[in-house]
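> For reference, the sequence and a predicted model appear below.
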Amino acid sequence: MARRGVAIIFTLLGIAFLVSIAGFLALYLLIDRTPSVPGNAILTLRIGGQLPDVAPGDVVGYLRGSSAPTVRAIVDDLRKAKVDARIKGAILRPTGIDSPYWAKVEEIRDAVLDFRTSGKPIYAYLEYGTDRDYFLATAADKIFLMPSSTLDLTGVATYELFLRGALDKLSVVPDLHHIGAYKTASNTFTEKTYTAAHREMDEALNRDLYDRIVDAVASGRKKSADEVHRLIDEGPFLPDDAVARGLVDGTAYDDQVNEKLRAAAGAPGERAVEGDAYARVNTTSLGLDRGPRIAVIYISGEIASGKSGYDPLNGPVLGSDTLIDYIRQARKDSSTRAIILRIDSPGGSAAASDAIWRELMLARTERADRPVVVSMSDLAASGGYYVALPAQVIVAEPSTLTGSIGIFGGKFVTGGLYEKLGAHIESTSIGRRAEMDSPARPYNADETMKVQEELDAFYKQFLARVAESRHSSPEQIDRIAQGRVWTGHQAKEIGLVDELGGLDRAVYIAKERAKIPAESGVELVVYPPRKGLYEIFSDQLSGTDDEAAIDRWVSRNLSSDDLQALRAMRGPGAIFRRGEPLALMPFTFLR
């Protein structure tokens with residue numbers, strides 16, 4: 001009788017499993033099919049959130065599309081709509097861009113400007129005009145603000161969090177050391193306020209980003225730079241004031257903007273298509289992206305040794321082993337005519353960055369006819385800049401944050417905190433420096449010398465690698481290094497990057513260097529590849545899909561400022577090994 005009961009239970013479980021698989025498969029077939037795009041359609045692009053470079057790998061994201069589409073998906077929607085005769089116009093709906101950076105917004109803005117060359121109208125509708133939302137909207141033919149909303153155009157401010165005072169109260173000693181006066185990542189923990197170099201760097205970054213905003217508003221709204229300067233000082237603006245000052249074209253609700261656009265586009269009726277559905281229209285069906293193959297390898301997240309993983313606060317962590325495997329796959333593909341590295345990383349482990357650099361140098365040198373080109377996204381700093389060095393050409397957006405050629409390392413001494421809590425750390429050891437990374441005490445003079453020696457060695461290597469890549473000398477590079485962060489615009493002026501633009505500009509350069517005709521299309525082969533249905537189900541059953549669920553919870557419940565603060569307070573120790581030298585950019589809030 002017991003055996004029969006067990007058999008019935010296992011039979012029911014098997015049936016439930018098969019039904020689940022069948023349900024997922026049916027949902028996949030239903031949702032993943034190419035959408036029907038009606039004639040005379042208006043495309044609606046909802047753009048918000050963190051603007052990721054890499055799509056999520058969870059089941060929901062795979063079947064339904066990410067609630068926050070990738071930058072490339074948005075750009076591709078605009079590229080397709082430009083040539084798609086069924087699309088008569090587009091509505092741009094920024095919905096609260098939450099990224100603390102600007103380069104991805106700038107890349108999408110460039111794609112909007114390119115769409116406009118088709119002659120098709122594109123209007124922007126703002127339910128609330130944040131600075132980044134409005135920056136993007138200025139690329140549209142017309143901008144409409146919801147009648148009850150505000151245009152929040154006020155300039156650029158940087159907020160830095162200094163934790164030294166709090167650590168002192170906890171009896172935690174940040175025994176951290178750095179190379180370069182501007183290598184300020186450790187300042188979050190070692191200082192109570194700005195150092196002179198830190199303030200100088202932040203002010204220079206703010207000024208350059210402010211100028212980018214002024215240029216965008218001036219060109220988009222046909223005003224002089226001086227006029228925009230004065231207007232920004234008067235912000236934020238009530239709706240009627242924004243209209244009166246020519247910052248927007250009118251106030252209207254969503255349905256009214258739709259009507260205005262349909263009239264301008266000559267597309268009567270209610271035919272529309274949402275961006276997430278239109279993303280499933282293959283570019284090749286519209287005659288795009290056909291031709292020779294170019295590999296695009298995404299380097300997104302903090303760089304660490306080992307396999308890629310996930311951190312609840314920092315999101316995906318890029319493992320050097322995982323990335324090297326992708327690079328080798330691209331190297332071994334004889335049909336690959338060029339390799340593009342799409343970098344969105346603040347850096348991380350110095351050793352992991354160096355391992356990636358070596359693999360990319362092999363990819364560059366083994367075939368002279370296969371160029372390596374870098375496209376910098378929001379961040380390509382410190383270790384993120386280090387892995388860009390094998391490229392023949394580096395392309396950055398004007399507002400990309402890059403450089404930060406420097407290093408820091410050390411440890412947090414928590415012995416005093418344990419003592420406050422009534423605990424005590426004792427140790428036994430053999431070896432002169434066996435307790436060098438002890439959490440109970442700071443480095444002694446001998447250990448400090450060894451830490452500094454290690455940091456000096458990597459910094460000199462960093463300078464030499466940059467000098468070789470940029471056809472300069474270590475002495476000249478040292479003058480613009482010292483850990484300083486630059487915008488892409490500034491970096492081009494001092495020779496750290498070659499050209500300004502986004503991924504499409506990098507593709508154009510890669511084609512040119514690979515001797516692919518300019519008029520020819522190309523097929524972009526993306527690494528990491530999108531997961532297949534089998535992998536998605538395997539992840540679901542193994543529980544690794546929980547990472548995406550955590551990511552969705554964090555994004556729903558914490559603002560970008562909250563995340564930045566929590567990342568800073570936790571420090572780098574949660575991801576990296578104790579005492580590991582880090583080529584990591586500073587913790588900066590750009591709001």
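Perfect, thanks for sending it.

> which one is the residue most central in space within the chain nearest to, not counting chain neighbours?
Nearest to the mean C-alpha position of the chain, counting by CA atoms, centre = their mean, stands D344 at 4.4 Å. Nearest non-adjacent residue to D344, counting by CB to CB, 6 or more residues apart in numbering: S377, 3.7 Å away. Where C-beta positions appear, they are placed from N, C-alpha and C, glycine not excepted.

> Name the next helix or strand downstream of the host helix or strand of that neighbour, please.
In the assignment (DSSP states H and E), S377 maps to strand 372-381. Using DSSP H and E, the helix or strand that directly follows strand 372-381 along the chain is helix 383-386.

> Could you name the helices and strands sitting against that following helix?
With contacts taken as 3 or more CB pairs under 8 Å, 6 or more residues apart in numbering; DSSP states H and E, helix 383-386 sits against strand 336-345, strand 347-349, helix 350-365, strand 401-403, helix 445-469, strand 582-584.

> Show me what the fifth one is in contact with.
Contact with helix 445-469 is made by 177-180, 350, 354, 357, 385-386, 389-391, 405-410, 432-433, 436, 443, 472-474, 476-478, 481, 496, 579, 581, 583, as judged by CB atoms under 8 Å, 6 or more residues apart in numbering.

> Strands - which of the residues you listed land there?
Taking DSSP state E as the definition of strands, those contribute 177-179, 407-410, 583.

> so which of those residues is the most crowded?
In terms of neighbours by other CB atoms under 10 Å, the ones in strands among the contacts of helix 445-469 top out with A583 at 33 neighbours.

> in the sheet, who's paired with that one?
G348 (DSSP bridges).

> Quick check: phi and psi on P100?
With angles defined as degrees, to the nearest 10, P100 sits at phi -80, psi 0.

> Just give me the neighbour total for it.
17.

> same deal with G269?
11.

> got it, and G422?
Count around G422 with other CB under 10 Å applied: 6.

> got it, and A277?
A277: 18 surrounding residues under other CB under 10 Å.

> And the average pLDDT for stretch 50-69 is what?
Per-region confidence: stretch 50-69 scores 63 on mean pLDDT.

> And for stretch 198-209?
96.

> One more: stretch 481-492?
Averaging the model's pLDDT scores along stretch 481-492 yields 97.

> End to end on it, go ahead and measure it.
Taking CA to CA, to the nearest Å, the first and last residues of stretch 481-492 lie 14 Å apart.

> want to throw the ones in strands among the contacts of helix 445-469 into a markdown table with distance to P528 and pLDDT?
Shown next, in a markdown table, are the ones in strands among the contacts of helix 445-469 (distance: CB to CB, whole Å; pLDDT from 0 to 100):
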| residue | distance to P528 | pLDDT |
| --- | --- | --- |
| H177 | 35 | 95 |
| H178 | 32 | 94 |
| I179 | 33 | 95 |
| I407 | 28 | 94 |
| F408 | 29 | 92 |
| G409 | 29 | 93 |
| G410 | 33 | 93 |
| A583 | 23 | 83 |
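
> May I see those organised as a markdown table, with distance to A252 added?
Listed next are the ones in strands among the contacts of helix 445-469 as a markdown table, based on distance: CB to CB, whole Å:
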| residue | distance to A252 |
| --- | --- |
| H177 | 57 |
| H178 | 52 |
| I179 | 55 |
| I407 | 53 |
| F408 | 51 |
| G409 | 55 |
| G410 | 56 |
| A583 | 49 |
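
> which among those gets closest to G306?
The nearest member of those to G306, counting by CB to CB, is A583 at 16.7 Å.

> how does this protein divide into domains?
Domain segmentation of the chain under automatic domain parsing yields 41-154+236-284, 289-409+437-551.

> so which of the ones you listed gets nearest Y194?
domain 289-409+437-551 (14.3 Å).

> Adding distance to L209, write the helices and strands packed on helix 383-386 out as CSV.
Output for the helices and strands packed on helix 383-386, formatted as CSV (distance: least, CB to CB, whole Å):
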stretch, distance to L209
strand 336-345, 17
strand 347-349, 20
helix 350-365, 26
strand 401-403, 9
helix 445-469, 24
strand 582-584, 21
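
> closest to V526 out of these?
Closest approach to V526 among the helices and strands packed on helix 383-386 is made by strand 336-345 (8.9 Å; CB to CB).

> For the nearest residue to G383 once chain neighbours are set aside, the count of nearby residues, please.
Distances taken as CB to CB, 6+ apart place G347 nearest to G383, at 3.0 Å, with adjacent residues excluded. Residues lying near G347 (other CB under 10 Å) number 27.

> mind listing what G347 touches?
Here G347 is in contact with 302-303, 353, 381-386, 404, 582-585 (CB under 8 Å, 6+ apart).

> again with S353
So S353 contacts 303, 320, 347, 383, 386-387, 583 (CB under 8 Å, 6+ apart).

> picking that back up, of the contacts of G347 - the most surrounded one?
The most crowded member of those is Y385, carrying 36 neighbours; neighbours defined as other CB under 10 Å.

> residues contacting it?
When contacts are counted by CB under 8 Å, 6+ apart, Y385 touches 347, 402-405, 466, 496.

> Can you tell me which of these is closest to G269?
Lowest distance from G269 to the contacts of Y385 (CB to CB) belongs to T402, with 47.1 Å.

> What is the burial count for that closest one?
Using other CB under 10 Å, T402 is surrounded by 30 other residues.

> cool, and the one 4 residues further on?
Using other CB under 10 Å, G406 has 31 neighbouring residues.

> if we can go back for a sec, in the sheet, which strands lie alongside the strand holding S377, parallel or antiparallel?
Strands adjacent to strand 372-381 in the sheet, as given by DSSP bridges, are strand 336-345 (parallel), strand 393-396 (parallel), strand 401-403 (parallel).

> Report the angle between it and helix 350-365.
Here the directions of strand 372-381 and helix 350-365 differ by 160 degrees (axes from the mean of the first three to the mean of the last three CA atoms, to 10 degrees).

> Strand 372-381 - what's its average pLDDT?
For strand 372-381, the per-residue pLDDT averages 97.

> How about stretch 434-444?
94.

> now do stretch 247-263
96.

> Torsion angles phi and psi at V485?
Dihedral pair for V485: phi -90, psi 140, per degrees, to the nearest 10.

> how about it, what does it touch?
Taking CB under 8 Å, 6+ apart, we find V485 in contact with 182, 201, 205, 381, 401-404, 585-586, 588.

> Pipe the residues you listed into CSV and attach distance to R367 per row.
Below are the contacts of V485 laid out as CSV (distance: CB to CB, whole Å):
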residue, distance to R367
Y182, 37
M201, 39
L205, 38
A381, 29
L401, 32
T402, 27
G403, 29
S404, 31
M585, 32
P586, 37
T588, 38
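
> Show me which of the contacts of S353 is closest to T117.
Out of those, the member with the shortest distance to T117 (by CB to CB) is V387, at 34.1 Å.

> Mind telling me which of the helices and strands packed on helix 383-386 the model trusts least?
strand 582-584 has the lowest average pLDDT among the helices and strands packed on helix 383-386, namely a mean of 82.

> related to what we said a few turns ago, beta partners for the residue nearest to the centre of the chain?
Going by DSSP bridges, D344 forms beta bridges with S300.

> residues touching G319, list them.
G319 sits next to 304-309, 352 when contact means CB under 8 Å, 6+ apart.

> let's go with 10 Å and repeat that
301, 303-309, 325, 349, 352, 356 (CB atoms under 10 Å, 6 or more residues apart in numbering).

> Same check on D233?
So D233 contacts 153-155 (CB under 10 Å, 6+ apart).

> Which of those ranks first by neighbour count?
Among the contacts of D233, the one with the most neighbours (other CB under 10 Å) is L153, at 23 neighbours.
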